[in-house]
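Trainee: Fold the stuff below for me.
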Amino acid sequence: MKSKMKWVGLVGLVLSAFSIFVHFLLTRFTEEGVAEYQSSITIFSWRPIFENAEISINNPFYRRLWGPVSRLESLHPDANPRGYYADPSLQTNGFIFVRIQGGFHEIRNSICDVVVVSRLLNATLVIPEIQSTTSSKGISSKFKSFGYLYNEDQFMVALAKDVKVVKTLPKILKGARRKKEIPSFKVPHSSSPHFFMHRVLPVLKKHAVVELVISSGGCLQAILPPQFEEYQRLRCRVAFHALRFRQEVQELATKILQRLRAPGRPFIAFDPGMTRDALAYHGCAELFQDVHTELIQHKRSWMIKHGIVKEKLSVNSAERRRNGSCPLTPQEVGILLRAYGYSWDTIIYVSGGEVFGGQRTLIPLHAMFENVIDRTSLSTPWELTRLYGREANLVDTYPGAPPSVEELKNEAWRSGGPRPRPLPPPPARPKSYNIEGWWGWVAESDNEPDSTVMELRMNAHKLLWEAIDYVVCVEADVFIPGFDRDGKGHPNFASLIMGHRLYQSAALKTYRPKRKEAAKLIDEIRDHIYQANHTWLKSVRRHLRKTLLDGLVEASIMSKPLSFLSHPVPECSCLRYDISETSINGSSPSSLSQVLDNLGVVHRCPAWMDTDLISRSIEKENEEDLDEGDLTSSGLFFQHNGGNHEGEGEISNKEESQFEDQEELEGGER
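Mentor: Okay, the predicted model is just below:
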């Protein structure tokens, strides 16, 4: 009997090994159907669930949700010089060494600014040093500073005709820097060209080297005088062409994009923008409960103490939210998207290195959409480990558990000397801050503890996470931000994404909801959210549709003066055809002209771009007619039974038609 059981077990092992071998062969050598196969294997935590296996891209309703914004298809990226532009001089005024502090968006803004400053001062730029990736955090020696996030060689090659870039300082200057003998400037935020020409340049010429310390996310003012327009286009060349992520980051981001598109569906990218710093700066503490409110207020108190916030500590968060000063929560964004017509099985990719409040903040969004995912759902631990490289082991450096009181007493008794002698008092109880989780220090101390080495390393990892999210969000079919300001009131990660999408592919749908109006719409239905009426749905749809264009004009007024990369139009864009040519579509040339006039775009693209003109037909481009003919809207507002996905496709057209919206474009794009 035992012998038979052994044979049965052996056969089972052989079959299991053969099955695994076949799986690997399928993934390695099968090209057709690999995408569908990969989406079903258990290596990832996301298993897509859809109501219908196929979706028609020719459906007018599909084009209304996912199709391009026709009035922006004439915009094309054009960051090349348009006038006389000399190559960088072989003889420069000296070296500029830069140390940059801050998060992902602050680093990206600062790098673009220092390149422009180097060109302005005719200086040689040393590859900037990113302070979030110093070796003190045990980061892999393979990826140091700038190379931890970006591709150094690509950066140098792409800017060869703009600025002279070197990887390190000469040996003599390296020694002087170690001895702190080179002049250093802590550059204020948004400094003018006058500051660099009259304060930095004389010192640079005298010492042949200067060190710039940038800690507030940008050292050059966003809107430069008209004579510096070529410098604005240089910013675009840096941000959108020279700054490429290093190979490992780019490869993983591409894999995640492929896995996202494997089911053959378009997807929405959503950036909540709900960081602790942003909530504290804008006074949104009361939007949360329990200890989270206390944490936000503690941070706001610190900001007031350091002069970052000029207001009082306690503010009316509800009033701030109604005024549009607070982020839209994931629940509110989910309501807007469902009301606009996106179904429960829409794929939503949540980006960002941090969502304050944790996963419980995203629970309402998961309840409204089945396929809510992030980078962790589409990557494996070993892929992320490869991204980090071989980092130093920090676990062994942690201090051990404090000795117990009994051990201390025994040790004191053994070393106490002649008896009798009183025992020394026990040492103060170490603050482990584990009373209520990681925020336990709030209950014990008024001072926030310093970050541990592991927490500092985690901040460096967030740069890589946000780099992956950046690539995915730029390529997404639809993007919607929850907030567009950071913890200093400047444009944040989402603003950079919107600016990159505007430059690279302006026609892709990028919603820019006005938070004040969105809060008003949501408050109207908060008490009867599952009984949305037709009028309210029309209001939401009209609002989101309107933000596709009006949001651009508002961004040029509100965001561009703070960060040029959040709105690089019109300096870095051109028109691919005459406005008069749009008459073949049935669209109004005057309305298109008004849109472009508001954006300030007048430059005609070079002739070589005309060989790839966009095919524009009446059937495809007249979005107003598409919406007029949409008789099968999105179905019931929240028509979805979480436990049963099989019968949900049986909603009758009669039920769907009660929410049809044939006038939603009126006042939207006109």
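Trainee: right, and residue 126 touches residue 94 too?
Mentor: No: if you go by Cβ atoms under 8 Å, residue 126 and residue 94 don't touch, sitting 10.6 Å apart. Where you see a C-beta, it was placed from the backbone N, CA and C, and this is true even at glycine.
Trainee: So if I had to pick from these two, which one is more boxed in?
Mentor: Using other Cβ atoms under 10 Å as the criterion, residue 126 and residue 94 rank with residue 126 on top: 23 against 19.
Trainee: Specify the beta-bridge partners of the more buried one.
Mentor: residue 166 (DSSP bridges).
Trainee: same deal with residue 75?
Mentor: Beta-bridge partners recorded for residue 75 (DSSP bridges): residue 575.
Trainee: how close does it sit to residue 126?
Mentor: To residue 126, residue 75 is 36 Å away according to Cβ to Cβ, to the nearest Å.
Trainee: for residue 255, same thing?
Mentor: 33 Å.
Trainee: Do you have the strands of the stretch 101-250 of the chain handy? List them.
Mentor: 124-126, 129-130, 165-166, 184-186, 209-214 (DSSP state E, counting those that start in this stretch).
Trainee: Oops, could you answer that again for the chain instead?
Mentor: Applying DSSP state E to the chain gives strands spanning 75-77, 95-100, 124-126, 129-130, 165-166, 184-186, 209-214, 267-271, 347-350, 371-373, 478-481, 509-510, 573-575.
Trainee: Check those strands for me and report the most buried one.
Mentor: Ranked by mean neighbour count, the strands of the chain are led by strand 267-271 with a mean of 26 (mean count of other Cβ atoms under 10 Å).
Trainee: So what touches that one?
Mentor: If you take Cβ atoms under 8 Å, 6 or more residues apart in numbering as the criterion, strand 267-271 is touched by 260-261, 330, 333, 337, 342, 346-352, 365, 469, 472-473, 476-482, 493-494, 497.
Trainee: Below-threshold pLDDT in the stretch 101-250 of the chain: ranges please.
Mentor: Residues of the stretch 101-250 of the chain meeting the criterion pLDDT under 70: 135-136.
Trainee: Now residue 476. Nearest residue, chain neighbours left out?
Mentor: Excluding its sequence neighbours, the residue lying closest to residue 476 (Cβ to Cβ, 6 or more residues apart in numbering) is residue 269, at 3.5 Å.
Trainee: hey, what's that neighbour bridged with?
Mentor: Beta-bridge pairing for residue 269 (DSSP bridges): residue 349, residue 479.
Trainee: Need the per-residue pLDDT for it.
Mentor: pLDDT recorded at residue 269 is 96.
Trainee: What separation do you get for residue 137 and residue 544?
Mentor: For residue 137, the distance to residue 544 - Cβ to Cβ - is 42 Å.
Trainee: ok, the two, which is more surrounded?
Mentor: residue 544 (25 against 20).
Trainee: all helices for the stretch 301-450 of the chain, in order.
Mentor: Here the stretch 301-450 of the chain has its helices, by DSSP state H, counting those that start in this stretch, at 317-322, 330-340, 363-368, 381-388, 405-414, 441-444.
Trainee: cool, and the stretch 101-250 of the chain?
Mentor: Secondary structure of the stretch 101-250 of the chain (DSSP H, counting those that start in this stretch): helices located at 104-121, 146-149, 152-158, 171-178, 193-195, 201-207, 229-237, 247-261.
Trainee: For the first one, buried residues please.
Mentor: For helix 104-121, a neighbour-count test (16 or more other Cβ atoms under 10 Å) marks 104-121 as buried.
Trainee: tell me the angle that helix makes with helix 229-237.
Mentor: When axes from the mean of the first three to the mean of the last three Cα atoms, to 10 degrees is applied, the directions of helix 104-121 and helix 229-237 differ by 140 degrees.
Trainee: got the angle for helix 104-121 vs strand 209-214?
Mentor: 150 degrees.
Trainee: again with the fourth one
Mentor: Computed by the same axes, to 10 degrees, the angle separating helix 171-178 from strand 209-214 equals 50 degrees.
Trainee: Show me what helix 171-178 is packed against.
Mentor: If you count contacts as 3 or more Cβ pairs under 8 Å, 6 or more residues apart in numbering; DSSP states H and E, helix 171-178 packs onto strand 209-214.
Trainee: Show me the strands paired with the strand it packs on, marking each as parallel or antiparallel.
Mentor: By DSSP bridges, strand 209-214 pairs with strand 95-100 (parallel), strand 184-186 (parallel).
Trainee: So which of those is nearest residue 393?
Mentor: strand 95-100 (27.4 Å; Cβ to Cβ).
Trainee: Give me the number of neighbouring residues for residue 404.
Mentor: Applying other Cβ under 10 Å, we find 10 residues neighbouring residue 404.
Trainee: confidence score at it?
Mentor: Reading off the model, residue 404 has pLDDT 74.
Trainee: All the helices of the stretch 501-650 of the chain, residue numbers only.
Mentor: 515-525, 534-558, 589-599, 618-621, 623-628.
Trainee: For residue 148, find the nearest of these.
Mentor: Between residue 148 and the helices of the stretch 501-650 of the chain, the tightest spacing by Cβ to Cβ is seen for helix 534-558, at 30.5 Å.
Trainee: other SSEs contacting that closest one?
Mentor: Looks like helix 534-558 contacts helix 330-340, helix 493-504, strand 509-510, helix 515-525, helix 589-599 (3+ Cβ pairs under 8 Å, 6+ apart).
Trainee: before we move on, back to that, and among the helices of the stretch 101-250 of the chain, the most buried is which?
Mentor: When the helices of the stretch 101-250 of the chain are compared using mean count of other Cβ under 10 Å, helix 104-121 is most buried, at a mean of 25.
Trainee: pull the CA atoms of that one into CSV?
Mentor: Output of helix 104-121 as CSV, limited to C-alpha atoms (Å, rounded to 0.1, in the frame of the first residue of the first chain):
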residue,chain,number,x,y,z
PHE,A,104,9.3,64.1,-7.6
HIS,A,105,7.6,67.1,-9.1
GLU,A,106,9.9,69.5,-7.3
ILE,A,107,13.0,67.7,-8.6
ARG,A,108,11.7,67.7,-12.2
ASN,A,109,10.9,71.4,-12.1
SER,A,110,14.2,72.2,-10.6
ILE,A,111,16.2,70.3,-13.2
CYS,A,112,14.5,72.1,-16.0
ASP,A,113,15.2,75.4,-14.3
VAL,A,114,18.9,74.8,-13.7
VAL,A,115,19.5,73.8,-17.4
VAL,A,116,17.9,77.1,-18.4
VAL,A,117,20.1,79.0,-15.8
SER,A,118,23.2,77.3,-17.2
ARG,A,119,22.3,78.4,-20.7
LEU,A,120,21.6,81.9,-19.4
LEU,A,121,25.0,82.2,-17.7
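Trainee: What average pLDDT does the longest helix along the chain get?
Mentor: Secondary structure of the chain per DSSP state H: the longest helix is helix 2-29. Helix 2-29 comes out with an average pLDDT of 77.
Trainee: And that helix, how far out from the chain middle?
Mentor: Its chain's average C-alpha position is 44 Å from that of helix 2-29, according to Cα atoms, centre = their mean, to the nearest Å.
Trainee: go on, stretch 55-71?
Mentor: Using Cα atoms, centre = their mean, the offset of stretch 55-71 from its chain centre is 25 Å.
Trainee: ok, back up a step: export the helices of the stretch 501-650 of the chain to TSV and tack on mean pLDDT and distance to residue 194?
Mentor: Shown next, in TSV, are those (pLDDT from 0 to 100; distance: least, Cβ to Cβ, whole Å):
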stretch	mean pLDDT	distance to residue 194
helix 515-525	92	36
helix 534-558	90	24
helix 589-599	68	29
helix 618-621	39	47
helix 623-628	44	46
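Trainee: wait, which of those is closest to residue 199?
Mentor: Nearest of the helices of the stretch 501-650 of the chain (Cβ to Cβ): helix 534-558, 29.5 Å.
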